[in-house]
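In: have a look; sequence and predicted model below, questions after that.
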Amino acid sequence: MEDETTESRNRARLAILELANMISVPMSLNAIVRLKVADAIWAGGANTPLSASQILSLVLPSGDPENLQRILRMLASYGVFEEHLIISSSTGDFSSSSSSSSVIRKYSLTQIGKTLVTDSEGLSYAAYVLQHHQEALVRAWPLVHEAVVDPTTEPFVKANGEPAYDHYGKKPEMNGLMLKAMSGVSVPFMRAILDGYDGFRGVQRLVDVGGSAGDCLRMILQKYPTTLRQGINFDLPEVVAKAPTTPGVTHVGGDMFKSIPSGDAIFMKVSH
Ligand SMILES: C[S@@+](CC[C@H](N)C(=O)[O-])C[C@H]1O[C@@H](n2cnc3c(N)ncnc32)[C@H](O)[C@@H]1O
């Protein structure tokens with residue numbers, strides 16, 4: 001039998017513990033999004049390193065800075081924040097020790113952290129984080145093994161009694177969050193695509209199947225204002241009912257499994 005004390009065996013034990021506790025990472029991310037920490041640190045571009053106490057004073061009337069610091073440290077280890085250790089002679093900050101010279105931990109945003117900052121259009125990846133950790137989805141995760149035991153009913157349905165999009169459609173707050181999450185992810189993605197891709201050149205009537213709020217079509221229309229005459233944003237009726245009015249974009253509600261509108265070109269983009 002293999003030696004139980006070998007280095008590789010010890011590494012494996014640590015790895016399985018880390019995997020078992022992995023849920024703490026997205027849940028911490030969810031917490032800092034709910035607390036709006038990224039916008040507080042960013043402060044219009046300042047991105048000045050702040051202590052947990054300083055961040056807390058910006059986001060809540062009161063709270064526990066030590067617990068916030070635990071979350072910040074955890075996410076710093078995953079590259080969301082940069083931790084700055086500041087040597088101070090004496091402060092009232094909880095994060096410093098009582099000795100005459102102590103260390104204060106401060107946090108700024110990394111490139112990853114900046115994806116959570118609300119931009120001038122009111123968008124960021126924050127809604128995507130929240131969308132992925134809303135209760136209905138979280139309820140389904142412990143049932144993933146059921147997809148193996150009985151694949152006829154997906155875990156989401158077992159947990160919530162109906163398929164995800166039926167569920168979203170009945171809950172305006174989930175529907176709204178889904179629209180915001182998709183816009184937050186798709187606008188920067190589409191900007192990057194359109195920088196180097198010109199496959200929509202010459203298309204006059206373009207259909208986006210599952211187009212959500214219609215952001216992708218809006219951006220394509222902006223790139224081809226003279227040739228692209230009509231964008232058809234096709235999505236579920238509840239979704240297009242909430243989509244903003246956009247010049248050149250016609251919102252059409254329906255079920256893509258039944259039929260989709262015709263066009264010179266039809267595209268479909270998933271968020272990831
Ligand atoms: C992952 S989102 C992608 C949204 C958008 N294409 C983007 O990339 O930002 C999937 C979209 O498909 C839509 N959808 C789901 N089932 C659909 C159906 N049966 N018919 C039409 N649209 C559907 C959802 O409402 C949602 O807007």
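Out: Looks like it came in fine.

In: what's around the residue of the stretch 151-272 of the chain found nearest the ligand, how many residues?
Out: The nearest approach of the stretch 151-272 of the chain to the ligand comes at residue 210, 2.8 Å away (Cβ to the nearest ligand atom). In this view, the C-beta of every residue, glycine as well, is placed from N, C-alpha and C. Residue 210 is flanked by 18 other residues according to other Cβ atoms under 10 Å.

In: now swap in residue 200 and tell me
Out: Residue 200 has 20 neighbours, counted by other Cβ under 10 Å.

In: that one: what secondary structure?
Out: Three-state call for residue 200 (DSSP: H, G, I helix; E, B strand; the rest coil): coil.

In: quick one, phi psi at it?
Out: Main-chain torsions, residue 200, degrees, to the nearest 10: phi -90, psi 0.

In: make sure it is actually in contact with residue 228.
Out: Yes: using Cβ atoms under 8 Å, residue 200 makes contact with residue 228 at a distance of 6.8 Å.

In: and for those two, which residues touch both?
Out: 206, 220 (Cβ atoms under 8 Å, 6 or more residues apart in numbering).

In: got a list of what the residue of the stretch 151-272 of the chain closest to the ligand touches?
Out: For residue 210, the contact set (Cβ under 8 Å, 6+ apart) comprises 234-235, 256, 268-270.

In: how does it look with 10 Å?
Out: 165, 182, 233-236, 239, 256, 260, 267-271 (Cβ atoms under 10 Å, 6 or more residues apart in numbering).

In: ok, residue 134 next?
Out: Contacts of residue 134 by Cβ under 10 Å, 6+ apart are 30, 168, 171, 173-174, 177-178, 181.

In: report the buried members of these.
Out: 30, 168, 174, 177-178, 181 (16 or more other Cβ atoms under 10 Å).

In: which members of those are the farthest-apart pair?
Out: 30 and 168 (18.3 Å; Cβ to Cβ).

In: which residues of the stretch 151-272 of the chain lie near the ligand?
Out: Selection of the stretch 151-272 of the chain residues close to the ligand by Cβ under 6 Å from any ligand atom yields 165, 182, 186, 210-212, 235-236, 239, 255-257, 269-271.

In: let's see 8 Å
Out: Where the stretch 151-272 of the chain comes near the ligand, counting by Cβ under 8 Å from any ligand atom, the residues are 165, 168, 178-179, 182-183, 185-186, 189, 208-213, 215-216, 234-236, 239, 254-257, 260, 268-272.

In: want to throw the contacts of residue 134 into JSON lines with secondary structure, pLDDT and distance to residue 196?
Out: Shown next, in JSON lines, are the contacts of residue 134 (DSSP: H, G, I helix; E, B strand; the rest coil; pLDDT from 0 to 100; distance: Cβ to Cβ, whole Å):
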{"residue": "30", "secondary structure": "helix", "pLDDT": "98", "distance to residue 196": "33"}
{"residue": "168", "secondary structure": "helix", "pLDDT": "91", "distance to residue 196": "33"}
{"residue": "171", "secondary structure": "coil", "pLDDT": "93", "distance to residue 196": "38"}
{"residue": "173", "secondary structure": "helix", "pLDDT": "93", "distance to residue 196": "37"}
{"residue": "174", "secondary structure": "helix", "pLDDT": "93", "distance to residue 196": "34"}
{"residue": "177", "secondary structure": "helix", "pLDDT": "95", "distance to residue 196": "31"}
{"residue": "178", "secondary structure": "helix", "pLDDT": "93", "distance to residue 196": "28"}
{"residue": "181", "secondary structure": "helix", "pLDDT": "96", "distance to residue 196": "25"}
